[in-house]
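Participant: requesting a structural model of the entry that follows:
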Amino acid sequence: MIMGKRTFNEIENIENMGSLYPTTQNYVFTHDESLSDRGFIPINCDVVEFVKQIERDKNIWIVGGSTILAPLLDNDMVDNMLSC
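Facilitator: Numbering: from 1, shown residues only. Next up is the predicted model:
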């Protein structure tokens with residue numbers, strides 16, 4: 001699961017936040033070197049380059065807004081989109 005820092009900030013104060021995504025690797029694109037929940041891994045690099053390094057048979061869930069999603073769309077790296 002990949003999200004940006006603004007999305008992370010929105011869910012940061014939820015009680016038991018780590019239980020939201022217990023079975024996934026959770027990456028937050030941020031300039032911060034650490035986050036308030038150890039179940040979320042801070043990443044400071046280009047999202048396209050990061051996603052290219054993930055094994056192709058893995059599913060990636062993008063949570064949040066266009067800062068993360070737009071570059072992936074621009075590079076034809078999105079297979080499915082769901083909207084709620």
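Participant: and Ala70, that one's in a strand?
Facilitator: No - under the criterion used here (DSSP: H, G, I helix; E, B strand; the rest coil), Ala70 is helix, not part of a strand.
Participant: residues near it, how many?
Facilitator: When neighbours are defined as other CB atoms under 10 Å, Ala70 has 11 of them. Bear in mind the C-beta positions are built from the backbone N, C-alpha and C, glycine included.
Participant: separation between the closest residue to Pro22 other than its chain neighbours and Val78?
Facilitator: Distances taken as CB to CB, 6 or more residues apart in numbering place Gly39 nearest to Pro22, at 7.6 Å, with adjacent residues excluded. Look at Gly39 and Val78: by CB to CB, to the nearest Å, they are 25 Å apart.
Participant: got it, and Met3?
Facilitator: As for Met3, its distance to Val78 is 15 Å (criterion: CB to CB).
Participant: between these two, who's got more neighbours?
Facilitator: When neighbours are counted by other CB under 10 Å, Met3 comes out ahead of the other of Met3 and Val78, with 24 against 13.
Participant: so is that one in a helix, a strand, or just coil?
Facilitator: Each residue gets one of three states, and Met3 gets strand by three-state DSSP.
Participant: thought Tyr27 was touching it, still the case?
Facilitator: Yes - if you go by CB atoms under 8 Å, Met3 and Tyr27 touch, sitting 7.5 Å apart.
Participant: give me the common contacts of those two.
Facilitator: Between them, Met3 and Tyr27 share no contacting residue under CB atoms under 8 Å, 6 or more residues apart in numbering.
Participant: list the buried residues of stretch 18-32.
Facilitator: For stretch 18-32, burial by neighbour count (16 or more other CB atoms under 10 Å) applies to Tyr21, Asn26, Tyr27, Val28, Phe29, Thr30.
Participant: contacts only, for the fifth one.
Facilitator: Phe29 makes contact with Ile2, Met3, Gly4, Lys5, Ile43, Asn44, Cys45, Val47, Phe50, Thr67, Ile68 under the criterion CB under 8 Å, 6+ apart.
Participant: of those residues, buried ones?
Facilitator: Of all those considered here, the ones buried according to neighbour count by 16+ other CB under 10 Å are Ile2, Met3, Gly4, Lys5, Val47, Phe50, Ile68.
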